[in-house]
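Visitor: Quick one, fold the following:
(chains A, B, C and D)
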There are 2 protein chains.
Amino acid sequence: MLKITRKVEYALIALRHMQNKDSQAITSTKEIAVMYDIPLELLAKTLQLMARGGIVDAVHGPNGGYKIKVNLENINMIEFFEKIEGPLGLMDCYFDSDCTLISACNIRSPIQKINDNMRNMFENMSVGEITQ
Amino acid sequence: MLKITRKVEYALIALRHMQNKDSQAITSTKEIAVMYDIPLELLAKTLQLMARGGIVDAVHGPNGGYKIKVNLENINMIEFFEKIEGPLGLMDCYFDSDCTLISACNIRSPIQKINDNMRNMFENMSVGEITQ
DNA sequence: AATATATCAGACTATATTGGTCGGATATTA
DNA sequence: TAATATCCGACCAATATAGTCTGATATATT
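Guide: So this is what the prediction gives:
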């Protein structure tokens, strides 16, 4: 429980690796997969997700690869998780709006409070902080 | 990802239910299972885990059940999770102690930073806060 | 004592999620 | 045209979680 997925882990490793190079340098999937001993295909998929999500730019063809596109300080961990894994279960909860799930929320689920805390924490944590 | 298990959820629901009754009142598994529509056997197991963990007291026999044993403000969420699910992956990380996993930690895993933050958050959150 | 009811305990199955693989398409450089 | 890299979805394998079943033990009531 409370686990971070491999895809997210691989994505962060890849970003940190690229961050330590010249900002215009191109890094291939293979380079990262070999260096950190990560399954190539799976890493490839996560890099594709980051490209789709606008976090990195892709360069096709021989000597192709990826480079970081945005300032990692400007993207929070919730956005990041959702770009890679899709919508999280950690729904936003607006106490002052009307909520059709009040009974499910209050009667059934103290979990909501935990999720609110987690979401809040990750919204205030940038990818840059994590990759250093 | 980042999900809380059903057992934890059921445990919190049970505690909140008991908290709203007289502190000496006995609550059976059945009472809770019926009221919140939770699978009886699974709820039974989580209550047993809480009894083993010293959070509740069990009363055997007819009209038996459970009652809260400790002050829920004095137990943090990490302790609670571990009583119910066993050791979490969110290891403690002591930066000033020597660590045989430094390379794995620094080179491979930004995850460590995320886990440290989560652990810190849950250590400073009491079960009482969540069950109200 | 016998019976009914509740917790206790572990093995077992079903389901869902995640991790990883494969095949083939598209883009680009040489 | 050949080689290399990203792209994309379908697929299978491994793991984790959810839930079920069987039987034991403790105790209150009759």
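Visitor: For chain A, which segments count as strands?
Guide: Counting by DSSP state E, the segments of chain A that form strands are A:56-59, A:65-68.
Visitor: what sits against residue A:110?
Guide: Residues near residue A:110 by Cβ atoms under 8 Å, 6 or more residues apart in numbering or on different chains: B:9, B:12-13, B:16, B:130-132. Where C-beta positions appear, they are placed from N, C-alpha and C, glycine not excepted.
Visitor: Of all pairs in those, which one is the farthest apart?
Guide: B:9 and B:132 (15.1 Å; Cβ to Cβ).
Visitor: Do me a favour and average the pLDDT over stretch A:28-48.
Guide: Here stretch A:28-48 scores 96 as its mean pLDDT.
Visitor: now stretch A:73-83
Guide: 97.
Visitor: Is there contact, residue-wise, from that stretch to chain B?
Guide: Yes: using Cβ under 8 Å from any Cβ of the partner chain, stretch A:73-83 reaches chain B at A:77, A:81.
Visitor: what's the burial count for residue A:83?
Guide: Counted with other Cβ atoms under 10 Å in any protein chain shown, residues neighbouring residue A:83 total 18.
Visitor: Enumerate the residues of chain A near DNA strand D.
Guide: Within chain A, the residues that sit near DNA strand D (Cβ under 7 Å from any atom of the strand) are A:1, A:3, A:28-30, A:41, A:44-45, A:47-48, A:51-52, A:58-66.
Visitor: Buried ones from those, can you make that a ChimeraX selection?
Guide: Buried residues within those, by 16 or more other Cβ atoms under 10 Å in any protein chain shown, are selected in ChimeraX with:
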select /A:1,28,29,44,45,47,65,66
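Visitor: Sort out for me which of the residues of chain A next to DNA strand D are in helices.
Guide: A:29-30, A:41, A:44-45, A:47-48, A:51-52 (DSSP state H).
Visitor: For the residues you listed, could you give me CSV that also reports distance to chain B?
Guide: As requested, those are exported to CSV (distance: Cβ to the nearest Cβ, whole Å):
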residue, distance to chain B
A:29, 17
A:30, 18
A:41, 19
A:44, 18
A:45, 16
A:47, 16
A:48, 19
A:51, 20
A:52, 19
